[in-house]
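>>> 3D, please:
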Amino acid sequence: MTPELRQLRYFVAVAEEASFTGAARRLRIAQQSLSQQITVLERILGAKLLHRDSRGSRLTEVGSLFLPEARAVLARNDDALAVLDRAVRGEIGTLRLGFLTTTANYLLPPVVRAVRDRLPDLVLTTDDTQIAPLVDGLARGRYDLIFTRPPLVDGFETRTLITEEVCAVLPEGHRLASAREVKLADLADEPWVLTPRGSWEPWHRRYDSDFEAAGFAPRVVQRAATVQGLLGLVAAGVGVTRLARSSHSLRRSGVVFVPLAGETARTVAAWSPGNDKPALRGVLDIVSELAAGTDLTAAG
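Next up, the predicted model:
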């Protein structure tokens, strides 16, 4: 048989008090019950740990050697419970974050900074990538939490963090560059530069719907795999495109961002509903609180 932790705790109390009476008072149990448990412990160990007499109790030679070991076992148990408690509260462990490349520039710094400030012992790993591998990584468990733009695919939980304007991105000197606002229909006759249709089909279905509602199909003259590539093509005068206003942080020269009437883009945090990491909920709350009080598109 293996001694119970409470029996070790009783033994340590008697040794430190040098008295069954004092130990019983400290432990708030009956002295008779305490004495019985010490007897059971000695029987389990096959060794006498305490001398009992009218003046109290004192350790045997074996008891003196066993006392520091018993204390170590109890301390290790307390440490283990403390770790468990911190893990349950989401204060320790590892959380893997993924950022859509176009949001990482402004979103990653304040998010990581806020989480590290509040949960300094939580290990964060970060990655930034394009939308398709980002969503695939979440689905396959490579990421615990991603920051991206909808629409996504079914099966994820999401929380909106940012809602911002969508803009027409025009080359400098364009006839509409000085407008305060334009409608998508105002760009019907323009050459367009867009991402490849295969880059993320849910986005392109949304684009198709928006263009159809505006009464035209865009004349796409070139495609680029990244937002930086689209901005470069616009700056070169190849065509126009549409992007969230925060994309302006990726290129300041050669392009003009003009708000598109009535159009907005969202940035969301997304996670798998089966993810039971306690740290996930804590980080979501921290990020939501941050987003509520900060313009995250300008915070990086």
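>>> can you pull out the helices in the chain?
5-17, 20-27, 31-45, 61-88, 101-118, 131-139, 201-214, 227-235, 278-293 (DSSP state H).
>>> Burial check on Val123, number of neighbours?
Val123: 11 surrounding residues under other CB atoms under 10 Å. C-beta here means a position set from N, CA and C on the backbone, and glycine is covered the same way.
>>> For the nearest residue to it once chain neighbours are set aside, give its distance to Leu74.
Ranked by CB to CB, 6 or more residues apart in numbering and with sequence neighbours excluded, the top spatial neighbour of Val123 is Thr94, at 4.4 Å. Per CB to CB, to the nearest Å, Thr94 is found 29 Å from Leu74.
>>> With His248 instead?
60 Å.
>>> Same question for Ala114.
38 Å.
>>> same check, this time on Ala265
According to CB to CB, Ala265 stands 57 Å off from Leu74.
>>> What count of nearby residues applies to the residue nearest to Val123?
Using other CB under 10 Å, Thr94 has 11 neighbouring residues.
>>> what's it in contact with, if anything?
Applying CB atoms under 8 Å, 6 or more residues apart in numbering to Thr94 gives the contacts Leu122, Val123, Leu124, Thr125, Ala279.
>>> so which of these is the most crowded?
The residue in the contacts of Thr94 with the most neighbours, by other CB under 10 Å, is Ala279 (23 neighbours).
>>> Just the pLDDT at that one, thanks.
Ala279 carries a pLDDT value of 96.
>>> got a list of what it touches?
By CB under 8 Å, 6+ apart, the contact set of Ala279 is Gly90, Glu91, Ile92, Gly93, Thr94, Leu95, Leu119, Leu122.
>>> mind running it again at 7 Å?
By CB atoms under 7 Å, 6 or more residues apart in numbering, Ala279 lies in contact with Gly90, Gly93, Leu95, Leu122.
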